[in-house]
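1. Kindly generate the corresponding structure for this input.
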Amino acid sequence: MSSYQNKTKEELIIELKKLQQLNDLLVSSNKKDEKKYDDEELKVREKDLQFRKLSANVPDLIFQFTRRPDGSYFVPIASAGIKNIFGCSPEDVLNDFTPIAKVIYPEDSERVTADIEYSAKHLTYFTCEFRVQIPGKEIQWILSKSTPEKLPDGSVTWYGFNADITEQKKAEEILAYEKRRLSDILKGTNIGTWEWNIQTGETIYNKRWAEIIGYTLDEISPISIETWAKFAHPDDLKISNELLEKHFKGELEYYECEGRMKHKNGHWIWVLDKGSVHSWDKDGNPLLMSGTHQDITEQKKIEGELKKSEERYQDLLTNLNVGVVVHASDTSIVMNNLKASELLGLSDDQLKGKLAIDPNWKFLYENYIPIPFEEYPVQKIASNRKAIKDFILGINQPDKNDINWVSVNGFPVIDSAGQLSEIVISFTDITERKIAEEKLKESYA
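-> Numbering: from 1, shown residues only. So this is what the prediction gives:
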């Protein structure tokens, strides 16, 4: 590759200034000294040719832009990149700025002119981002940067470059959209966020992270990973560190931990802490990690109350003198109490998952005739979705000759979609009553 193809825009601008200086020298030369004049003209031509070679492979525009004392603009020198930026040639703007002015986006035109005039008045570095609409092309974003110089005749000239930053702007718009979207999600979910430099301990928390424990960010500053350790419950901190180590070692894809934190008011609140490492060093050590903090105190309270309710319910079922069996919609047993196991002659493990169609069931009518499968209480409820009440049947337990007599009640559980969810069956032991009734019958016989 030729050396001029490696030139930076800044180096090209320097070459452009040198070219202009030679041109000024040529103009001021004494034309009576023909040899000297010819030598200077040759240098200008050589320099001009060199500049054009240097800038030929640069898609950006390298330019000299001038403001005349009367306020009009023109571009005495422009690289071939002007075609990409403004859709015109260097010759089109040699004495007239109009070809450029007419493609500057209307909403940006006044601002661009104001920035040029400010730079001309104060000789400040010019930098501006604006849009250009070349006929037949999509709108382009242009970045223009240049340094002004005051000329003896009162003109101001700038040396600089214009670059197409359309793709950068699109990327910025996408990034801005994603940031707004993430911000809206975080705001909507009321979640705290954290970022942690694992090597230095430097940590960044958002406003919500501090609010969860009753503080402002200023109140918990200075912030570091020790801030988390300060407010975390010691027992939970130990669990958190163990889970972090597993994540660092690759044993866990994500870090997730439920833990308690000390609130400003003195009570403990529960948080769900989630995160993952997103940057590692060349040796595989974790560098940067980020995640979220969610207040789950109310959820934990509900879980605690639900657990107590389940325990009370289980205690109730265990101590009931009534057998209870809960079937899934396919009639498989999902739950039973101790009394049900006793009456059916099967353990909890033996009952779990057992279907109503199991051939080992031996149910009898009161006249000792086996009950057909379709007449089983659970099967009847599954078929017609109607409750049954005080259905009397005998249970012939496996490997036993004795029969347990029970009075069966049951009902279907229908979900919100109108589908059969569960079938609840309860049965009361009436064996002694049946035996007494049979003895009474025999006494009258």
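2. pretty sure V271 contacts M261?
-> Yes. The pair V271 and M261 qualifies as a contact (C-beta atoms under 8 Å) at a distance of 5.6 Å. Just so you know, the C-beta spots here come from the backbone N, C-alpha and C atoms, and that holds for glycine as well.
3. which residues do these two both contact?
-> I212 (C-beta atoms under 8 Å, 6 or more residues apart in numbering).
4. for the stretch 251-400 of the chain, what spans make up the strands?
-> 255-262, 268-280, 286-295, 322-328, 333-336, 363-364, 388-396 (DSSP state E, counting those that start in this stretch).
5. Quick one: closest of the ones you listed to G192.
-> Set against G192 and scored by C-beta to C-beta, the strands of the stretch 251-400 of the chain come closest in strand 286-295, at 3.7 Å.
6. Pull the number of nearby residues for G87.
-> 19 (other C-beta atoms under 10 Å).
7. Kindly report the same for P286.
-> Around P286 there are 19 residues (other C-beta under 10 Å).
8. any idea how far it is from F248?
-> Counting by C-beta to C-beta, to the nearest Å, the gap between P286 and F248 amounts to 5 Å.
9. what is in contact with these two at once?
-> Common contacts of P286 and F248 (C-beta under 8 Å, 6+ apart): V277.
10. Lowest mean pLDDT among the helices and strands, pick that one out for the protein.
-> helix 34-56 (a mean of 50; mean pLDDT, DSSP states H and E).
11. List the strands paired with the helix or strand where P148 lies, with their directions.
-> Taking DSSP states H and E as the definition, P148 sits inside strand 140-150. When pairing is defined by DSSP bridges, strand 140-150 lines up against strand 126-132 (antiparallel), strand 156-164 (antiparallel).
12. Point out the most buried one among those strands.
-> Among the strands paired with strand 140-150, judged by mean count of other C-beta atoms under 10 Å, the one packed with the most neighbours on average is strand 156-164 (a mean of 21).
13. Against which helices or strands is the helix or strand following it packed?
-> Per DSSP H and E, the first helix or strand lying C-terminal to strand 156-164 is helix 166-189. Other elements packing on helix 166-189 under the criterion 3 or more C-beta pairs under 8 Å, 6 or more residues apart in numbering; DSSP states H and E are strand 140-150.
14. Need the contact partners of the strand it packs on.
-> 63, 65, 85, 119-120, 123-134, 156-166, 168-169.
15. For the residue most central in space within the chain, give its distance to N206.
-> Residue closest to the mean C-alpha point of the chain, counted by C-alpha atoms, centre = their mean, is L182 at 6.5 Å. Relative to N206, L182 is positioned 11 Å away (criterion: C-beta to C-beta).
16. Also N404?
-> Distance from N404 to N206, by C-beta to C-beta: 65 Å.
17. Also L420?
-> Applying C-beta to C-beta to L420 and N206 gives a distance of 47 Å.
18. K249 now?
-> For K249 relative to N206 (C-beta to C-beta), the value is 28 Å.
19. between these two, who's got more neighbours?
-> Ranked by neighbour count (other C-beta under 10 Å), K249 and N206 place N206 first, with 17 against 10.
20. so who does the more buried one touch?
-> Here N206 is in contact with L186, G192, T193, W194 (C-beta under 8 Å, 6+ apart).
21. what sits against the closest residue to the last one other than its chain neighbours?
-> What that stands for is W194. Spatial nearest neighbour of W194, chain neighbours left out: Y205 (5.2 Å); criterion: C-beta to C-beta, 6 or more residues apart in numbering. Contacts for Y205 (C-beta under 8 Å, 6+ apart) come out as G192, T193, W194, L217, I220, I223, T227.
22. CSV please, covering those and showing distance to Q397 and pLDDT.
-> Formatted as CSV, these follow (distance: C-beta to C-beta, whole Å; pLDDT from 0 to 100):
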residue, distance to Q397, pLDDT
G192, 59, 92
T193, 61, 92
W194, 61, 95
L217, 69, 95
I220, 66, 95
I223, 68, 92
T227, 64, 94
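23. Which ones among these map onto strands?
-> Using DSSP state E, the subset of these located in strands is G192, T193, W194.
24. so where's the stretch 51-200 of the chain uncertain?
-> 51-58 (pLDDT under 70).
25. Strands of the stretch 1-150 of the chain, start to end?
-> Counting by DSSP E, counting those that start in this stretch, the stretch 1-150 of the chain has strands at residues 61-67, 73-78, 126-132, 140-150.
26. Can you spell out which helices and strands pack onto the shortest one?
-> Okay, so that is strand 73-78. Against strand 73-78 (3+ C-beta pairs under 8 Å, 6+ apart) you get helix 9-28, strand 61-67.
27. where among these is the average confidence lowest?
-> The minimum mean pLDDT among the helices and strands packed on strand 73-78 belongs to helix 9-28 (a mean of 53).
28. got the strands of the stretch 251-400 of the chain as JSON lines, with distance to K102 and mean pLDDT columns?
-> Listed next are those as JSON lines, based on distance: least, C-beta to C-beta, whole Å; pLDDT from 0 to 100:
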{"stretch": "strand 255-262", "distance to K102": "58", "mean pLDDT": "96"}
{"stretch": "strand 268-280", "distance to K102": "47", "mean pLDDT": "95"}
{"stretch": "strand 286-295", "distance to K102": "48", "mean pLDDT": "94"}
{"stretch": "strand 322-328", "distance to K102": "76", "mean pLDDT": "90"}
{"stretch": "strand 333-336", "distance to K102": "78", "mean pLDDT": "88"}
{"stretch": "strand 363-364", "distance to K102": "95", "mean pLDDT": "89"}
{"stretch": "strand 388-396", "distance to K102": "89", "mean pLDDT": "91"}
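29. Many thanks, have a good one.
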